[in-house]
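**Q** how would this look folded up:
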Amino acid sequence: MASQVPTVEMTRQAFRASMPVAKNWAYFDHAAVAPIPAPTRETLTEWANQACSAGITNWTRWAKQVEQTRKVAAQLIGAQSREIALVPNTTSGIGLVAEGLDWEAGDQVITLADEFPSNLYPWLNLADRGVKTHRLPTDLGRIELERLAQACNARTRLIALSWVGYATGYRQPLTEIAEIAHRHGALLLVDAIQGIGAFPLDVSEVPIDFLAADGHKWMLGPEGAGIVYIRQSHLERLRPLGVGWNSVVHPFDFSRIELDLKPSAGRYEGGSQNMAGFLALGTSLQMLQDAGIDQIALAITDLTDLACEQLLRLGAQLYTHRQPEVGGHDPRSGIVAFRMPGQAPDLIQRHCRQENVVLSCRGGYLRISPHAYNNVEDVERLIAALDSYRE
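**A** This is a model prediction of the structure:
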């Protein structure tokens, strides 16, 4: 008998069974900090038990499992394992590029005015080297590609932007933006924290140069365990930072002091790693990979479409792009921003939490961000909580 092709609803149900948070909460805040799955909790518990009862005796096995995390992370974005470094967070990954490129006075970085601070401060911090940061205004996260191209000039070294905007959820057309950057001799860095784990991205087809993402949002991992992608051809363009015993090709020969750096992004993992965090992240990434990112993306957009319909019926005002654009680009993500006219977002958020519904306030908007395990009943609980609020 032929195996059954999984449907979106099958993916949703299977995923939900692994998310204990769903028993008590309608959780719509994955764009902030996600709850971890039950198998990921078990990985953390197992590590803690082993570390407590046997100490270093399990270290070699843990290290092999961490390398499996690197492999799965690479598979998730179509990269090679040697192009992935395991880092503490998105900021660390962006910093490797911001501090690693050989900037010259007069160089320009182009970014967006409404980027998350982690993708602004590293570039602003280059001002004392004469690097100018040009922040382009957007329409709820959307940038006109023609305007982006016009902002580039002979001194533009880098375009740095988020794949998905954290405030309103606009998902950028990365292929077109990479083409603009490369046409002007610039590189493209992508803050992917609001997209990886929710939507497919293949860097073998989308020619971005650098990518950074922490695992504690859509990848369903713990905080403090993230990834950075550095295209192999660019490895020598970045000055190595954080160099330590683990940066070299002979990391365990402590008596051999030769700065022979690893020919991979692993050269940026200079010291001891967040072993527990990366083991846990690996478990979550494997769950996502097994479920299929295409199916996860469909489940997320299906539910956010439903949520938008219900919010509009309730009288909410949406502040997010949801319609297909010229060329067929789909700007939808797992993030939806909205307001309830005449009502204070922070007070609504507090009321919803009392109703066991979790959402965020960002930039004066309310923000929901469901994952693939959220279901219709969760949306109904959200709408009921919003409808029951009275100032």
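**Q** Show me where this protein dips below the pLDDT cut-off.
**A** Applying pLDDT under 70 to the chain flags the ranges 1-5, 391.
**Q** Following element in sequence after whichever strand or helix holds Ala160, please.
**A** Using DSSP states H and E, Ala160 sits within strand 156-162. The helix or strand immediately downstream of strand 156-162 is helix 174-183, counting by DSSP H and E.
**Q** For the strand holding Ala160, name the packing helices and strands.
**A** strand 108-112, helix 174-183, strand 187-191 (3 or more CB pairs under 8 Å, 6 or more residues apart in numbering; DSSP states H and E). C-beta coordinates here come from the backbone N, C-alpha and C atoms, glycine included.
**Q** and the angle for that strand with strand 187-191?
**A** Relative orientation of strand 156-162 versus strand 187-191 (axes from the mean of the first three to the mean of the last three CA atoms, to 10 degrees): 20 degrees.
**Q** Next, the angle strand 108-112 makes with strand 156-162.
**A** Put simply, strand 156-162 runs at 20 degrees to strand 108-112, going by the same axes, to 10 degrees.
**Q** any idea how far strand 156-162 is from the chain center?
**A** Distance of strand 156-162 from the chain centroid (CA atoms, centre = their mean, to the nearest Å) equals 17 Å.
**Q** can you list contacts of it?
**A** Strand 156-162 is touched from outside by 94, 97, 101, 103, 107-112, 115-116, 119, 123, 131, 143, 148, 152, 172, 177, 180-181, 184-194, with contacts defined as CB atoms under 8 Å, 6 or more residues apart in numbering.
**Q** what are the C-alpha coordinates of it, in CSV please?
**A** The C-alpha trace of strand 156-162 is given here as CSV (Å, rounded to 0.1, in the frame of the first residue of the first chain):
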residue,chain,number,x,y,z
THR,A,156,28.0,50.3,-0.9
ARG,A,157,29.7,47.3,0.7
LEU,A,158,26.7,45.5,2.3
ILE,A,159,22.9,45.4,2.4
ALA,A,160,21.7,44.1,5.8
LEU,A,161,18.0,43.3,6.3
SER,A,162,15.7,40.9,8.0
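**Q** List the pairing partners of it within its sheet, with orientation.
**A** strand 108-112 (parallel), strand 187-191 (parallel) (DSSP bridges).
**Q** I'd like to know how many residues surround Gly244.
**A** By other CB atoms under 10 Å, 13 other residues sit near Gly244.
**Q** Might you report the residue contacts of the residue nearest to it when sequence neighbours are not counted?
**A** Distances taken as CB to CB, 6 or more residues apart in numbering place Gly270 nearest to Gly244, at 3.1 Å, with adjacent residues excluded. Applying CB under 8 Å, 6+ apart to Gly270 gives the contacts Gly242, Val243, Gly244, Trp245, Asn246, Ser247.
**Q** Just the closest of these to Arg41, please.
**A** Of all these, Arg41 sits closest to Asn246, with 27.7 Å by CB to CB.
**Q** distance of the closest one from Gln50?
**A** 21 Å (CB to CB, to the nearest Å).
**Q** which element is Cys308 on?
**A** In the assignment (DSSP H and E), Cys308 maps to helix 293-314.
**Q** swap in Leu382?
**A** Element membership for Leu382 (DSSP H and E) is helix 376-388.
**Q** do the same with Arg135
**A** strand 132-136.
**Q** That strand vs strand 156-162, what angle?
**A** Put simply, strand 132-136 runs at 40 degrees to strand 156-162, going by the same axes, to 10 degrees.
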